[in-house]
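# test case, fold it:
(one chain, ligands or ions: 1)
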Amino acid sequence: MIARRNVPWVRLALAGAAVALTLPFGGTILAQDNKPKLNVGGVEKAGTGSIKGIVKVVGEKRNRAPIRNMNVDAFCAQYWRDKEQPLSDTYVWGDNDTLQNVVVYVSKGLEGKEIPQLDKAAIIDQVGCIYTPHVLAVQTKQPVEIHNSDNTMHNVNFSSSGKNNPFNEAMVKGVVLKKTFTEAELGGNFKCNVHPWMGARLAVFDHPYFAVTQQDGTFEIRGLPPGEYEISTWHEVSVFKSDQPSYKVTVSADGVAEVTVTYNLPQPRNR
Ligand SMILES: [Cu+2]
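Numbers count the residues shown, from 1 in each chain. Just a heads-up that it's a prediction; the model follows:
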């Protein structure tokens, strides 16, 4: 079977297709294990460039706290019984001194440019009483599906950090909530009132040029027209800050601009 990530634009581009072709995938390009490749965002469009980078951390990496109260729900407890104890997902270190779940986005340079619309659904699931992914980034008006793979009831209590409408809906296994977000925002909150450790964060952009760092701390934003841009980053722990508010990059046609983002971790308190 041909992996779905072998997208046709590459072949078309190689065949010398003169027409710019846009195939938005925003956050749903599939890796070989069939999971969404969230650290790759943007669109696939011939004749455009991309930004690739990594979010590194400098400083002492605090241990993540174990989630201890899974036993308030028999299903959640059973799910984790023979597995490694899950850890709080408020911050998740990546491989080799990197940071996961950092939202990276183009913050300047898109003015006057054509903005593609992502139309493929972004999915957030509840698996083992934990939101997966922990940070969801979407474009305004992009379809969003909230799934429940667990054989227990969750409720999704969404509160906006901006102007998106809040909602609070219970969902049993197999239910899919379909939503769209109309306003750009950074830091919307999903909570579950049944399982107090369950939380996820939402970022909404009025363009498709964003990505969320994963296991190796990397990100890639594709399909940018040539130009000068700035990228910015966001992490839900407000004391985790990058050493610059934004990073300037120059993107050329078919080129790859590279950037290293450094997060300085807060110093531990005096002991
Ligand atoms: Cu729940």
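
# next to the ion, which bits of the stretch 151-271 of the chain? Give me the list.
Within the stretch 151-271 of the chain, the positions near the ion by CB under 5 Å from the ion are 154, 192, 194-195, 198. Just so you know, the C-beta spots here come from the backbone N, C-alpha and C atoms, and that holds for glycine as well.

# just among those, which is most surrounded?
residue 154 (25 neighbours; other CB atoms under 10 Å).

# now stretch 146-163 - C-alpha only, PDB.
C-alpha atoms of stretch 146-163 as PDB (Å, rounded to 0.1, in the frame of the first residue of the first chain):
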ATOM      1  CA  ILE A 146     -13.400  15.700  19.200                       C
ATOM      2  CA  HIS A 147     -13.400  11.900  19.600                       C
ATOM      3  CA  ASN A 148     -13.800   9.600  22.600                       C
ATOM      4  CA  SER A 149     -12.000   6.200  22.200                       C
ATOM      5  CA  ASP A 150     -12.500   5.400  25.800                       C
ATOM      6  CA  ASN A 151     -15.300   3.100  27.200                       C
ATOM      7  CA  THR A 152     -16.200   5.700  29.700                       C
ATOM      8  CA  MET A 153     -17.900   9.100  29.700                       C
ATOM      9  CA  HIS A 154     -16.000  12.200  29.300                       C
ATOM     10  CA  ASN A 155     -17.300  15.800  29.100                       C
ATOM     11  CA  VAL A 156     -15.500  18.400  27.100                       C
ATOM     12  CA  ASN A 157     -15.600  21.800  28.800                       C
ATOM     13  CA  PHE A 158     -14.100  24.300  26.400                       C
ATOM     14  CA  SER A 159     -13.300  27.800  27.500                       C
ATOM     15  CA  SER A 160     -11.800  30.300  25.100                       C
ATOM     16  CA  SER A 161      -8.900  32.600  25.900                       C
ATOM     17  CA  GLY A 162     -10.500  35.000  23.400                       C
ATOM     18  CA  LYS A 163     -13.800  35.300  21.500                       C
END
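
# centre of the chain to that stretch, how far?
16 Å (CA atoms, centre = their mean, to the nearest Å).
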